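> pasting a predicted model and its sequence here:
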Amino acid sequence: MLRRIAILLCSTLPLLCSAAPCPSWPPERAALELNALSDQIGQWNEDYRQGRVTVADELYDQTLLKLQDWKICFSAEVAEPATTPTEGGPLEHPVAHTGLNKLPNAQAVGEWLKHRSDIWVQPKVDGVAVTLIYADGQLQRVISRGDGLSGQDWTDHAQHIPAIPPRLNASEGQTLVQGELYLQAPGHVQAERGGMGARATVAGLLNRKQLSDADGQRIGLFVWELPNGPLDMPSRLDRLIDLGFTDTVKLTHPAHSLADIQQWRQHWYQSPLPFASDGIVIRQGTRPAGKRWRSVPPASAVAWKYPYAQALAEVRRVEFKVGRTGRVTPVLHLEPVQLDDRTIRRVSVGSLRRWSRLDIRPGDQVAIALAGLTIPRLEGVTWHTQTREELAPPEASRYHLLSCWTPEPDCASQFRARLEWLSSKKGLAMAGVGPGTWEKLMNANRVSGLLDWLDLTEAELAGLPGLGKRSASNLYGSFQSALQQPLPTWLKALGMPPTGEASMADTWDELAQRSERDWLDQPGIGKTRAQQLTAFFRDPQVHAFREKLQAAGVGGF
């Protein structure tokens, strides 16, 4: 099969469908957006048929669910995506392909296990499903999954795929094999490399009119059913060995509890396999005879997919944050999404230039991954809304190392970033002083300059909203202890450009007297950094800080 229709998941497993609220669109806009999204999915389908990986499988599935959600939101009649990826073909399957219901989490798996026994687990191979038909041991037909009832004739391709045996050690009569043609990837670790577009690649190869020997050698076969074989699993596994499908037997194991299933799922997720796999399949050992199968997910087997490597997220708003050095960073505020065990609400775009190139606006759908399993990372834009909201990003040239020493409206973001840096561990290491502290002082109009807090008394702090006597005492103590920090620490906290391996003098005056040439003579200082350091010590506002700290008795000033 090419792609599994994810819309079915909404009716069978509502937990997998998006819980995001419906967009507040008028009917005209809803029709515009839904039809555009359907067109986009249709284009992905066509790309997929051609073997081009233009969207990750998991993002495709999530987008298809999003379209289904929006149809429900607006009770809209929208044309199905063009080139539906699971259309049937001219050849009818002797036994239907059933597909699998997908369970979203361990709790759902535990519920499914209740009152069930004789449980077995396998990796869920991320490939293209087929039926192999043998007569008296000789291969007769290879049929793509198609819509589960009929598919395309891939028999000619089979002679170029060594993994498909032309003969089986079978007695007279018909032998039916259902399995997955996959892209061979020896040593593939799913947790590290993800799906690699393996499913789309092998689908593209098989949808060609002709398959070369070289491409055929890239394709493997994993057998997961013998529809007219024994009804119990041990006998079926013995039969698979007799037929030569030993790889399946090596990757099929009994499970006696949810813990066993979780252990195998984690093992296969993090261990080398010869193919990409997007989860595990959990089966009851004894299942109905193939003649009773229908093209719907059975009750006797389910899939439990691995965590999404990428999540689809809707952009609520775009915030442009100015850091203490003047760098403008667009931050996307998202409709909360779950990725692994984390809820993601915002993600950095990285730079104003990247935001402009991607043209991200509220309502757009973006792909989010986790860098190092912890930090949200923007992978790209999956889909743009048709109605584009106007945004006014800040002028990047307005901000630099010496801008925004006070919190006027256009400078509030950079000024807050300066305060937060000043009190952080990389600055003066003020115990108990963080963004919330500075926000309280700014709201009370007690801080309108970077060092205004030096003028506050303990009594004044105790009288501020949200600060009790003990908190005020601790805060005042942190402020006073900062005065004991040495000159280099203070200069770094104030925003002096990094000096690297350059030697530091003991006093302000010695540093301020250095020329650009003097800085260039220091190890590790280039022309740009020398210019920045010279400008820092000549800046009028920095001179004002020096005078204030000198009056406060800070050493070196």
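Alright, I've got the coordinates.

> mind listing the helices for the stretch 1-150 of the chain?
With DSSP state H, counting those that start in this stretch as the criterion, the stretch 1-150 of the chain has helices at 7-12, 27-49, 57-74, 106-113.

> let me have those in TSV, adding distance to Lys527 and mean neighbour count as columns.
(Glycine included, C-beta is placed from N, CA and C.) Formatted as TSV, the helices of the stretch 1-150 of the chain follow (distance: least, CB to CB, whole Å; neighbours: other CB atoms under 10 Å):
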stretch	distance to Lys527	mean neighbour count
helix 7-12	59	15
helix 27-49	48	18
helix 57-74	45	20
helix 106-113	58	15
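
> which among those is found nearest to Gly197?
helix 57-74 (7.7 Å; CB to CB).

> other SSEs contacting that closest one?
Packing contacts for helix 57-74, counted by 3 or more CB pairs under 8 Å, 6 or more residues apart in numbering; DSSP states H and E, involve helix 7-12, helix 27-49, strand 311-322, strand 365-371, strand 375-383.

> picking that back up, quick one: which of the helices of the stretch 1-150 of the chain is nearest Pro330?
Nearest to Pro330, of all the helices of the stretch 1-150 of the chain, is helix 57-74, at 21.2 Å by CB to CB.

> between the closest one and strand 375-383, how big is the angle?
If you take axes from the mean of the first three to the mean of the last three CA atoms, to 10 degrees, helix 57-74 sits at 60 degrees to strand 375-383.

> need the helices and strands packed on helix 57-74 in JSON lines (columns: distance to Ile261 and mean pLDDT).
Converted to JSON lines, the helices and strands packed on helix 57-74 look like this (distance: least, CB to CB, whole Å; pLDDT from 0 to 100):
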{"stretch": "helix 7-12", "distance to Ile261": "20", "mean pLDDT": "40"}
{"stretch": "helix 27-49", "distance to Ile261": "31", "mean pLDDT": "90"}
{"stretch": "strand 311-322", "distance to Ile261": "24", "mean pLDDT": "96"}
{"stretch": "strand 365-371", "distance to Ile261": "24", "mean pLDDT": "92"}
{"stretch": "strand 375-383", "distance to Ile261": "29", "mean pLDDT": "95"}
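
> quick one, which of those is nearest to Ser171?
Ser171 lies closest to helix 7-12 among these, at 37.6 Å (CB to CB).

> pLDDT below threshold where in the stretch 51-200 of the chain?
Scanning the stretch 51-200 of the chain for pLDDT under 70 picks out 51, 83-87.

> repeat that with 80
By pLDDT under 80, the low-scoring segments of the stretch 51-200 of the chain are 51-53, 57, 76-77, 79-80, 82-88, 170-172.

> mind listing what Gly495 touches?
By CB atoms under 8 Å, 6 or more residues apart in numbering, the contact list for Gly495 reads 324-325, 401, 418, 421, 536.

> next SSE after the helix or strand encompassing Leu491?
If you go by DSSP states H and E, Leu491 is part of helix 487-494. The helix or strand immediately downstream of helix 487-494 is helix 508-512, counting by DSSP H and E.

> which residues sit in contact with the closest residue to Pro162 other than its chain neighbours?
Nearest non-adjacent residue to Pro162, counting by CB to CB, 6 or more residues apart in numbering: Gln217, 6.2 Å away. Contact analysis of Gln217 by CB under 8 Å, 6+ apart lists 161-162, 184.

> which one of these is nearest to Asp69?
Relative to Asp69, and with distances defined as CB to CB, the nearest of these is Gln184, at 36.6 Å.

> what does the pLDDT read for Glu395?
Looking at Glu395, its pLDDT is 93.

> how near is it to Lys71?
42 Å (CB to CB, to the nearest Å).

> before we move on, what about Trp383?
Using CB to CB, Trp383 is found at 15 Å from Lys71.

> cool, Cys404 as well?
For Cys404, the distance to Lys71 (CB to CB) stands at 47 Å.

> equivalent analysis for Leu475, please.
For Leu475, the distance to Lys71 - CB to CB - is 55 Å.

> now do Asp247
From Asp247 to Lys71 the distance is 41 Å (CB to CB).

> rewinding a little: other SSEs contacting the helix holding Leu491?
Packing partners of helix 487-494 (3+ CB pairs under 8 Å, 6+ apart): helix 412-423, helix 540-551.

> secondary structure class for the closest residue to Lys102 other than its chain neighbours?
Distances taken as CB to CB, 6+ apart place Ala303 nearest to Lys102, at 4.9 Å, with adjacent residues excluded. Here Ala303 is recorded as strand under DSSP: H, G, I helix; E, B strand; the rest coil.

> OK, contacts around the nearest residue to Lys71 once chain neighbours are set aside?
Spatial nearest neighbour of Lys71, chain neighbours left out: Val78 (5.9 Å); criterion: CB to CB, 6+ apart. With contact taken as CB under 8 Å, 6+ apart, Val78 is in contact with 31, 34-35, 38, 67, 71.

> in CSV, list the residues you listed along with distance to Ile360.
Formatted as CSV, the contacts of Val78 follow (distance: CB to CB, whole Å):
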residue, distance to Ile360
Ala31, 23
Leu34, 20
Asn35, 22
Ser38, 22
Leu67, 20
Lys71, 25
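
> list phi and psi for Ser424.
phi -70, psi 180 (degrees, to the nearest 10).

> renumber starting at 46 from here on
That works, and once the first residue is 46, the last one we named lands at Ser469.

> number of nearby residues for it?
For Ser469, the count of nearby residues is 15 (other CB atoms under 10 Å).

> quick check: it vs Ala476, distance?
For Ser469 relative to Ala476 (CB to CB), the value is 11 Å.

> need the distance between the two termini of stretch 212-230.
By CA to CA, to the nearest Å, the extent of stretch 212-230 from end to end equals 25 Å.

> what does stretch 402-413 give?
By CA to CA, the extent of stretch 402-413 from end to end equals 17 Å.

> any chance you could list what contacts it?
For stretch 402-413, contacts defined as CB under 8 Å, 6+ apart pick out 68, 101, 104, 108, 111, 355-363, 375, 377, 379, 382, 384, 389, 392, 394, 421-430, 432-434, 436.

> try it again with 7 Å
Under the criterion CB atoms under 7 Å, 6 or more residues apart in numbering, residues 104, 108, 111, 355-363, 377, 382, 384, 389, 392, 394, 421, 423-430, 433-434, 436 lie in contact with stretch 402-413.

> from the chain's centre, how far out does it sit?
14 Å (CA atoms, centre = their mean, to the nearest Å).

> same check, this time on stretch 351-367
Distance, stretch centre to chain centre, for stretch 351-367: 9 Å (CA atoms, centre = their mean).

> would you mind listing the buried residues in that stretch?
Buried positions in stretch 351-367, judged by neighbour count with 16 or more other CB atoms under 10 Å: 351, 353-360, 363, 365, 367.

> again with stretch 301-315
Within stretch 301-315, the residues that count as buried by 16+ other CB under 10 Å are 303, 306-307, 309-310, 313-314.

> stretch 134-153 too?
By neighbour count on 16+ other CB under 10 Å, the buried set for stretch 134-153 is 134, 136, 138, 140-149, 153.

> domains of this protein?
In the domain annotation for the chain, the residue ranges read 52-119, 136-350, 356-442, 447-596 (automatic domain parsing).

> can you redo these as a markdown table with distance to Phe602?
Putting the domains of the chain into a markdown table (distance: least, CB to CB, whole Å) gives the following:
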| stretch | distance to Phe602 |
| --- | --- |
| domain 52-119 | 54 |
| domain 136-350 | 52 |
| domain 356-442 | 21 |
| domain 447-596 | 4 |
